[in-house]
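Student: Pasting the sequence and the predicted coordinates here, then a few questions.
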Amino acid sequence: MSMLKMVLGGLLLAVLCSPMAPTSALGRTQPAIDAAMPDRLVHAEWQTLLARAGFSPGLIDGKPGRKTRLAIERFQLAQSLPATGTLDEGTREALRRRVGLGTADWTRSYVIQDRDAALVTGPIPEDWNERATLPLSGYAGMHELLAERGWCSVDLVSLLNPDVPLDALTPGDEVVLPNVPDFLARRDTPLPAVASIEIDLGDKIVTAFDNAGGVVAFFHCSIAESVEKRPVGELSVKVVVTDPDYTFNPASWPEVSNVTRKLRIAPGPRNPVGAAWIGLDKPGYGLHGTVRPQDIGKTGSHGCFRMANWDAARLARAVSIGTPVVVRE
């Protein structure tokens, strides 16, 4: 029996106590989504559909809160539905049509690749001088990598793969993850072309629009802790880089006392600006990925707008040089 079937069988027997759903047309055995399923997995399904549709709930964790509610509201408005912030049946059907997934397809089998193992490099040193010696800013462990492959929390990966030692997995092993695209691959599900971006500092959200003013994507972000470092007004995209390196300038980090020169931090998913950098025409400012997606939606940056790596990478592929960006208080 494959690891995928053992995992899902264990999940359903131990957690759901309900029969296995029919195998899908793609050959995957999926958890049944019905009245017997715990609320957390039901919510994780809808968060997965929202994320695929480009209306980010933040981390897919099965624990809906403010981020998920805002994502639902914005999706409803974009679909001309009543903005209730709840997943009523009309919203569920609109989501399914938008992403082309049925209930049985919200999870998928993921086979760990050699390229995945190569990205697991161990914990990132806290000392910036040590970080500058690393050839790659990789994941601390396989658990981090798998969570990012699923755009989800580590504990949801554990819930979908009960009794599986995540950090002991190697290439060829099979796990279950939310069915989202590989944001590192160029063939992932693209967003429509983005004509303009609006950043709302109050709600800490990023909204992308098409030429007609319709919403094509919605993301959460973190903003600067210091009000003085929050840019307000009209900006534009000046540069777009995927898999960027990072220049650590000690002048911008007064809390760091043992660095006396600029340092180059290697690219990688745990680089300070993550998987993508969308630089703005205000020097030093941009939208970018982050090493801590669980903190998205909070203040705390040095001035930039932090997004989950998967959100930043998708947005980077949909904007172009000169795309207008308006920052509102």
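Tutor: Right, received. Where do you want to start? Bear in mind the structure is a predicted one, so any value in this text is a computation, not a measurement.

Student: Residue 43 falls within a strand, correct?
Tutor: No - read with DSSP: H, G, I helix; E, B strand; the rest coil, residue 43 is helix and lies in no strand.

Student: Can you get me a residue count around residue 49?
Tutor: 28 (other CB atoms under 10 Å). C-beta coordinates here come from the backbone N, C-alpha and C atoms, glycine included.

Student: actually residue 140, not the one I typed
Tutor: Around residue 140 there are 15 residues (other CB under 10 Å).

Student: repeat for residue 294
Tutor: Residue 294 has 14 nearby residues by other CB under 10 Å.

Student: so who does the residue nearest to it when sequence neighbours are not counted touch?
Tutor: Spatial nearest neighbour of residue 294, excluding adjacent residues (CB to CB, 6 or more residues apart in numbering): residue 59 at 6.1 Å. Residue 59 makes contact with 151-153, 293-294, 296, 308 under the criterion CB atoms under 8 Å, 6 or more residues apart in numbering.

Student: repeat for residue 202
Tutor: 328-329.

Student: give me that answer again for 10 Å
Tutor: Residue 202 makes contacts with 223, 328-329, as judged by CB atoms under 10 Å, 6 or more residues apart in numbering.

Student: just residue 205 next, same as before
Tutor: 56, 67, 70-71, 74, 198-199, 218-221, 297, 305.

Student: which one of these is nearest residue 176?
Tutor: residue 56 (21.4 Å; CB to CB).

Student: Residue 90: which element?
Tutor: helix 89-99 (DSSP states H and E).

Student: now residue 241
Tutor: strand 233-242.

Student: Looking at the contacts of residue 202, state which has the most neighbours.
Tutor: Most surrounded of the contacts of residue 202: other CB under 10 Å gives residue 223, at 24 neighbours.

Student: doesn't that one fall inside a strand?
Tutor: Yes - counting by three-state DSSP, residue 223 is found in a strand.

Student: Would you agree it is in contact with residue 230?
Tutor: Yes - using CB atoms under 10 Å, residue 223 is in contact with residue 230, at 5.8 Å.

Student: Which residues does the nearest residue to residue 221 once chain neighbours are set aside form beta bridges with?
Tutor: Spatially, and ignoring its direct neighbours in sequence, residue 221 is nearest to residue 305 (4.4 Å; CB to CB, 6+ apart). Note on residue 305: beta-bridge partners by DSSP bridges are residue 287.

Student: In contact with residue 305, which residues?
Tutor: 197, 199, 201, 204-206, 219, 221-224, 230-231, 278, 280, 285-288, 290, 312, 325, 327.

Student: do residue 246 as well
Tutor: So residue 246 contacts 131-132, 137, 263-268, 271-274, 277, 288 (CB under 10 Å, 6+ apart).

Student: returning to that earlier point: could you point out the helix or strand that follows the strand holding residue 241?
Tutor: Taking DSSP H and E, what comes next after strand 233-242 is strand 246-248.

Student: and after that following strand, which helix or strand comes next?
Tutor: Following strand 246-248 in sequence, per DSSP H and E, is strand 263-265.

Student: right, and residue 67 touches residue 57 too?
Tutor: Yes - the criterion here is CB under 10 Å, and residue 67 meets it with residue 57 at 5.4 Å.

Student: which residues do those two both contact?
Tutor: 47, 50, 220.

Student: Turn those residues into CSV, columns for secondary structure, distance to residue 100 and pLDDT.
Tutor: As requested, the shared contacts of residue 67 and residue 57 are arranged in CSV below (DSSP: H, G, I helix; E, B strand; the rest coil; distance: CB to CB, whole Å; pLDDT from 0 to 100):
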residue, secondary structure, distance to residue 100, pLDDT
47, helix, 17, 95
50, helix, 14, 95
220, strand, 24, 96
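
Student: Alpha carbons only: can I get stretch 150-164 in PDB?
Tutor: Provided in PDB are the C-alpha atoms of stretch 150-164 (Å, rounded to 0.1, in the frame of the first residue of the first chain):
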ATOM      1  CA  GLY A 150       1.000  23.200   0.600                       C
ATOM      2  CA  TRP A 151       0.700  26.900   1.400                       C
ATOM      3  CA  CYS A 152      -0.200  25.700   4.900                       C
ATOM      4  CA  SER A 153       0.800  25.400   8.500                       C
ATOM      5  CA  VAL A 154       3.100  22.700   9.700                       C
ATOM      6  CA  ASP A 155       0.500  21.300  12.100                       C
ATOM      7  CA  LEU A 156      -2.000  20.900   9.100                       C
ATOM      8  CA  VAL A 157       0.600  18.900   7.300                       C
ATOM      9  CA  SER A 158       0.900  16.700  10.400                       C
ATOM     10  CA  LEU A 159      -2.900  16.400  10.600                       C
ATOM     11  CA  LEU A 160      -3.100  15.200   7.000                       C
ATOM     12  CA  ASN A 161      -0.200  12.800   7.600                       C
ATOM     13  CA  PRO A 162      -0.700  11.300  11.000                       C
ATOM     14  CA  ASP A 163       2.200   9.400  12.600                       C
ATOM     15  CA  VAL A 164       4.500  10.400   9.700                       C
END
